[in-house]
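Q: Requesting a structural model of the entry that follows:
(chains A and B)
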There are 2 protein chains.
Amino acid sequence: MNLNPETRPKSGAFIIVPVPDAPISISRAERENADALLDLISELARFEHLPPPDTAARARLIEDGWGERRRFDAYLAYVPESEAPVGFCLFFETYSTFLARPRLFIEDLYVRPDFRRRGIGTALIKWCIEQAFERGCWRVECMGLDWNKSAQDLYGKMGAHQFFEWFLFRFERRMIEHHVGALPKRRF
Amino acid sequence: MNLNPETRPKSGAFIIVPVPDAPISISRAERENADALLDLISELARFEHLPPPDTAARARLIEDGWGERRRFDAYLAYVPESEAPVGFCLFFETYSTFLARPRLFIEDLYVRPDFRRRGIGTALIKWCIEQAFERGCWRVECMGLDWNKSAQDLYGKMGAHQFFEWFLFRFERRMIEHHVGALPKRRF
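A: Numbers count the residues shown, from 1 in each chain, chains lettered A, B, ... in the order given. Now for the predicted structure:
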């Protein structure tokens, strides 16, 4: 367990979470390990039965993560026995008008199957919560799929409230284009 | 109907939507009409059975809407017979890692009860969709309450897909503070 401020990296983007026999470290995904992050995003996509990002999408992710306009922050989880990261979280800030405060929205949270049930997911969520606190975000939110019981259990165990009365509505790109084409020809 | 590019305001933040007998105009909420926006946010809060923003929250909303770090964009809907705006939408950009594209998230959409059923909600959603298109957002999303059938009907009629398999999870501020306090005393 490395909690000595002298030996922690100066960036602050590093934490050692005390889990017995399994030290977990979390550090910011930087451009130089973007490939490791993108591989984990691909794994998560397959886990959620969605197609993984193709070559063009991977390039956009790198631009949106480390380009001029950073659209998200991502952190990688490491354990000693694996050189590659074994999990990640990815989030951005949203906003609540009723609180008049920013929120932190966890878009992705994933732990490789072989490394589950040893506290890595918990450590990642704690990391997100700590980030929220430091950024002045008044809530931490995420969406969970109905069949993903292990995620639901974990969020619940950590004190998240599950909302059954709110539904997500989505206009897909095709519908956006349909509506824009249907508008008066002003600038297209 | 004013679609002549010569007479439209140069800012581009203005649209005339052709609704028979009820021209609706939509324009960006600027700092000088922040009070009108905040009043509408308060009305929406009461409509959703939530406490409206207090004085401190109103000040934060103004800072977060028009300060150094703008956290949202808001647009007001007007009709000729009311000097005050009769509805508004408020949104910000989020991100989809699977699409590797930004999304536009509608946090608030509201039409005053006396002005409903004449196309103002539709016009506001169309405006959000057009904004999404122009910003390169690949999706438009929002959350709807289960008892708010008129919103559900409207989103559905306009082509939004309603997701029944995703649930919102939320850590409230109290829980964030609990977790942060429970972490090793590194910097608190």
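
Q: Please, where are all the strands along chain A?
A: When assigned using DSSP state E, the strands of chain A occupy the ranges A:14-17, A:24-28, A:73-78, A:87-96, A:101-111, A:139-145, A:161-163, A:166-171.

Q: want to try TSV for those strands, with distance to chain B as columns?
A: All C-beta spots, glycine's among them, are computed from the backbone N, C-alpha and C. Formatted as TSV, those follow (distance: least, C-beta to the nearest C-beta, whole Å):
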stretch	distance to chain B
strand A:14-17	8
strand A:24-28	12
strand A:73-78	9
strand A:87-96	5
strand A:101-111	6
strand A:139-145	4
strand A:161-163	4
strand A:166-171	4
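
Q: Take the ones you listed and lay them out in TSV including mean pLDDT and mean neighbour count.
A: Output for those, formatted as TSV (pLDDT from 0 to 100; neighbours: other C-beta atoms under 10 Å in any protein chain shown):
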stretch	mean pLDDT	mean neighbour count
strand A:14-17	51	18
strand A:24-28	96	19
strand A:73-78	98	22
strand A:87-96	98	23
strand A:101-111	97	22
strand A:139-145	97	21
strand A:161-163	97	14
strand A:166-171	98	20
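
Q: Nearest to B:Arg46, out of those strands?
A: Minimum separation from B:Arg46 across those (C-beta to C-beta) falls at strand A:87-96, 16.1 Å.

Q: quick one: the closest one to strand A:101-111, angle?
A: 160 degrees (axes from the mean of the first three to the mean of the last three C-alpha atoms, to 10 degrees).

Q: Bridge partners for the spatially most central residue of chain A, pull those for me.
A: Nearest to the mean C-alpha position of chain A, by C-alpha atoms, centre = their mean, lies A:Leu90 at 2.1 Å. Beta-bridge partners for A:Leu90, by DSSP bridges, are A:Ala74, A:Asp108.

Q: Go ahead and confirm it touches A:Ile106.
A: Yes: counting by C-beta atoms under 8 Å, A:Ile106 is a contact partner of A:Leu90 at 7.4 Å.

Q: thinking again about what came up before, present the strands of chain A as TSV; the columns should include distance to A:Gln131.
A: Formatted as TSV, the strands of chain A follow (distance: least, C-beta to C-beta, whole Å):
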stretch	distance to A:Gln131
strand A:14-17	10
strand A:24-28	10
strand A:73-78	8
strand A:87-96	7
strand A:101-111	6
strand A:139-145	9
strand A:161-163	20
strand A:166-171	24
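
Q: Ok, which of those comes nearest A:Trp127?
A: Smallest distance to A:Trp127 across these (C-beta to C-beta): 5.1 Å, for strand A:24-28.

Q: sorry, back to before: check contacts around the residue nearest to the centre of chain A.
A: Applying C-beta atoms under 8 Å, 6 or more residues apart in numbering or on different chains, we find A:Leu90 in contact with A:Leu37, A:Ile41, A:Phe72, A:Asp73, A:Ala74, A:Tyr75, A:Ile106, A:Glu107, A:Asp108, A:Leu109, B:Thr97.

Q: rerun at 7 Å
A: A:Phe72, A:Ala74, A:Glu107, A:Asp108, B:Thr97 (C-beta atoms under 7 Å, 6 or more residues apart in numbering or on different chains).

Q: what's the answer for A:Met143, then?
A: So A:Met143 contacts A:Leu168, B:Trp166, B:Phe167, B:Leu168 (C-beta under 7 Å, 6+ apart).

Q: These: which two are farthest apart?
A: A:Leu168 and B:Phe167, at 9.0 Å, using C-beta to C-beta across the contacts of A:Met143.

Q: Now do the helices in chain A.
A: In chain A, the helices defined using DSSP state H lie at A:34-47, A:55-66, A:120-135, A:149-157, A:173-182.

Q: Next, format these as a markdown table and append distance to chain B.
A: Formatted as a markdown table, those follow (distance: least, C-beta to the nearest C-beta, whole Å):
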| stretch | distance to chain B |
| --- | --- |
| helix A:34-47 | 5 |
| helix A:55-66 | 4 |
| helix A:120-135 | 5 |
| helix A:149-157 | 4 |
| helix A:173-182 | 4 |
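
Q: Would you mind finding the most buried of these?
A: helix A:120-135 (a mean of 21; mean count of other C-beta atoms under 10 Å in any protein chain shown).

Q: how about the CA coordinates for that helix, as CSV?
A: Extracted in CSV, the C-alpha atoms of helix A:120-135 (Å, rounded to 0.1, in the frame of the first residue of the first chain):
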residue,chain,number,x,y,z
ILE,A,120,-11.5,-3.3,-8.9
GLY,A,121,-15.0,-2.1,-9.9
THR,A,122,-15.4,-0.8,-6.4
ALA,A,123,-12.1,1.0,-6.5
LEU,A,124,-13.0,2.6,-9.9
ILE,A,125,-16.3,3.8,-8.6
LYS,A,126,-14.7,5.2,-5.5
TRP,A,127,-12.2,7.0,-7.8
CYS,A,128,-15.1,8.5,-9.8
ILE,A,129,-16.7,9.6,-6.6
GLU,A,130,-13.5,11.2,-5.4
GLN,A,131,-13.1,13.0,-8.7
ALA,A,132,-16.7,14.3,-8.5
PHE,A,133,-16.0,15.7,-5.0
GLU,A,134,-12.8,17.4,-6.1
ARG,A,135,-14.5,18.9,-9.1
